[in-house]
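Colleague: Need a 3D model of the following:
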Amino acid sequence: MPHSLPLVSTQHHPVSLHRGPAGEGQFGLPPRAANSHRPGRTRPEDVKIQRIETLVLSRGVRVHAGEISWLWVRVHTDDGRVGLGETYPMATACEAVIHAQLAPLLLGRDPRQIDRLWADMKLACETFGHAGAEMRAISAIDIALWDLLGKIAGLPVYQLLGGACRDRIPTYNTCYDHLFDFTTHAGPLANSLLEQGIGAMKIWPFDQVALRNRGQYLSPSEIEEGLAPIRQIRDAVGDRMAIALEFHGYWNLPCAVRIAQAVEPYQILWLEEMMPQDSAPAYRHLAQATRIPLILSERYMTRWQFREVLESGAAKIVNPDLCWCGGLSEAKRIATLAETWQVPVAPHNCGGPVLHLASLHLARNLPNLFLLESVRRHYLKEYQGLVTETGAASEGFLTTPESPGLGLDLDARVFQRSDVSVREVSL
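Modeller: Have a look, this model is predicted:
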């Protein structure tokens, strides 16, 4: 196992609190409820980050853009606890950020100070831009810190976020499927999902046309080509299946308007990322041209980018990705921000197993949850052998483990895989 050279740590020194009058603990509490602190003795509750370990899985899952890599982060404390985080894609870029930029800030620090550490990590990356690999790396660390906090507190993460707003999490299935290809068998796919209890699905039937034309032109016959899978679903199951449409940011504004108008008769659940994410005014024009809600966008990072699209009025639903937007901490803040606009949240959840479990905890907590994304191929097939808990759906719903933290660990066999590289740094 390769090791990095030891890094200089930023040590946080806790300040001891004075005890109350004789017979009382701190703040007048009974002595047994107070912190015990004697000169020369470390308080039992003191904990610090001792080691940071990264694992790169070179071939995670295949999506529309090809195979993607995953990065797992394990944050170790000096008392033997381990918190697990994740991000994707471009795992080696995120790994480099963690070892070169973030680890020196974290080693020796108290892992429970999540907000403080998040702000310090973001500030450390501001000089050269905090988005991209930098924010994905911060996201992975943040998720690991929440997992650690749950293990330290002895509670599942959703309890630490504010408790459960629901016991079962409604989900829609993104159709990277192992049984049916929606481009040719959309009807059987819809029936199969309904048999599993899942009543909403997401497909991207216009992508092939967009790639042919670079998203700049759309003929009447190409509109019909994109409509074919939607019609198959409606012919097979009627309105029992909700249909969300994904566009991966491929289209220009005129084409997006034409497609939105063409699909309106089919009672579409939402239109996702029809255009590139760099123009809030363009999305405002699109929102004014269709009755179908627009959902934006897993590619936005931090509450500041989400604030802009919420202020524009274009987003009727937001879908932050915990591995990209800034972790559990920032996803919770984004959801709270969206709530002030009466906008619900449907977290993007199309990565690895740690993202999936972290998203379950967030979704169980959020008051303004709309739906949570999931991919049955992932939890039924591709997460197997990687983790101790895959978070599979039951009767069309998802839920969280009740064990402390996120409720999963890496399978021990992961460390022996030829397509996994491990790197660590410690005090």
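
Colleague: In the stretch 301-427 of the chain, where is pLDDT below threshold?
Modeller: Applying pLDDT under 70 to the stretch 301-427 of the chain picks out no residues at all.

Colleague: mind listing the strands for it?
Modeller: Under the criterion DSSP state E, counting those that start in this stretch, the stretch 301-427 of the chain contains strands at 317-318, 372-374, 397-398, 420-426.

Colleague: Which positions in the helix or strand Leu117 falls within come out as buried?
Modeller: In the assignment (DSSP states H and E), Leu117 maps to helix 114-125. If you call a residue buried by 16 or more other Cβ atoms under 10 Å, then helix 114-125 has these buried ones: Ile114, Leu117, Trp118, Asp120, Met121, Lys122, Ala124, Cys125. C-beta: built from backbone N, CA, C; applies to glycine.

Colleague: Distance of Ala346 relative to Gly405?
Modeller: Using Cβ to Cβ, to the nearest Å, we find Ala346 at a distance of 24 Å from Gly405.

Colleague: that older thread, beyond the helix holding Leu117, next helix or strand please.
Modeller: helix 133-153.

Colleague: Now do that next one: which elements does it pack against?
Modeller: Contacts defined by 3 or more Cβ pairs under 8 Å, 6 or more residues apart in numbering; DSSP states H and E place helix 133-153 against strand 66-77, strand 82-87, helix 91-97, helix 114-125, helix 157-160, helix 322-325, helix 327-339, helix 353-365.

Colleague: residue contacts, the most centrally placed residue in the chain?
Modeller: What sits nearest the mean C-alpha location of the chain, by Cα atoms, centre = their mean, is Leu322, with 2.5 Å. Listed by Cβ atoms under 8 Å, 6 or more residues apart in numbering, the contact partners of Leu322 are Ser139, Ile143, Leu328, Ala331, Pro347, Asn349, Leu355, Ala358, Ser359, Leu362.

Colleague: Over to Leu357?
Modeller: Val387, Glu389, Gly391, Thr400, Pro401, Leu406, Gly407, Leu408.

Colleague: And it, how close does it get to Arg116?
Modeller: Distance from Leu357 to Arg116, by Cβ to Cβ: 25 Å.

Colleague: How about Leu355?
Modeller: Leu355 is 24 Å from Arg116, by Cβ to Cβ.

Colleague: now swap in Thr77 and tell me
Modeller: In terms of Cβ to Cβ, Thr77 sits 16 Å off from Arg116.

Colleague: next one: Gln208
Modeller: 47 Å.

Colleague: And for Gln261, the neighbour number?
Modeller: 14 (other Cβ atoms under 10 Å).

Colleague: Pop out the phi and psi values for the nearest residue to it once chain neighbours are set aside.
Modeller: Computed as Cβ to Cβ, 6 or more residues apart in numbering, the closest residue to Gln261 that is not its neighbour in sequence is Thr290, at 6.6 Å. Phi and psi for Thr290, reported as degrees, to the nearest 10, are phi -140, psi 150.

Colleague: go on, Tyr172?
Modeller: Torsion angles at Tyr172 (phi, psi; degrees, to the nearest 10) stand at phi -120, psi 150.

Colleague: Was I right to think it contacts Glu373?
Modeller: Yes. Under the criterion of Cβ atoms under 8 Å, Tyr172 makes contact with Glu373 at 6.2 Å.

Colleague: Find residues that contact each of those two.
Modeller: Lys202, Ala346.

Colleague: now the angle between helix 353-365 and the longest strand anywhere in the chain, please.
Modeller: Using DSSP state E to define each element, the chain has its longest strand at strand 49-63. When axes from the mean of the first three to the mean of the last three Cα atoms, to 10 degrees is applied, the directions of strand 49-63 and helix 353-365 differ by 100 degrees.

Colleague: what pLDDT, on average, does strand 49-63 get?
Modeller: For strand 49-63, the mean pLDDT works out to 88.

Colleague: Give the pairing partners of it; include direction for each.
Modeller: As defined by DSSP bridges, the strand partners of strand 49-63 come to strand 66-77 (antiparallel), strand 420-426 (antiparallel).

Colleague: how many neighbours does the closest residue to His348 other than its chain neighbours have?
Modeller: Nearest non-adjacent residue to His348, counting by Cβ to Cβ, 6+ apart: Glu298, 3.5 Å away. Other residues near Glu298 number 24, with proximity taken as other Cβ under 10 Å.
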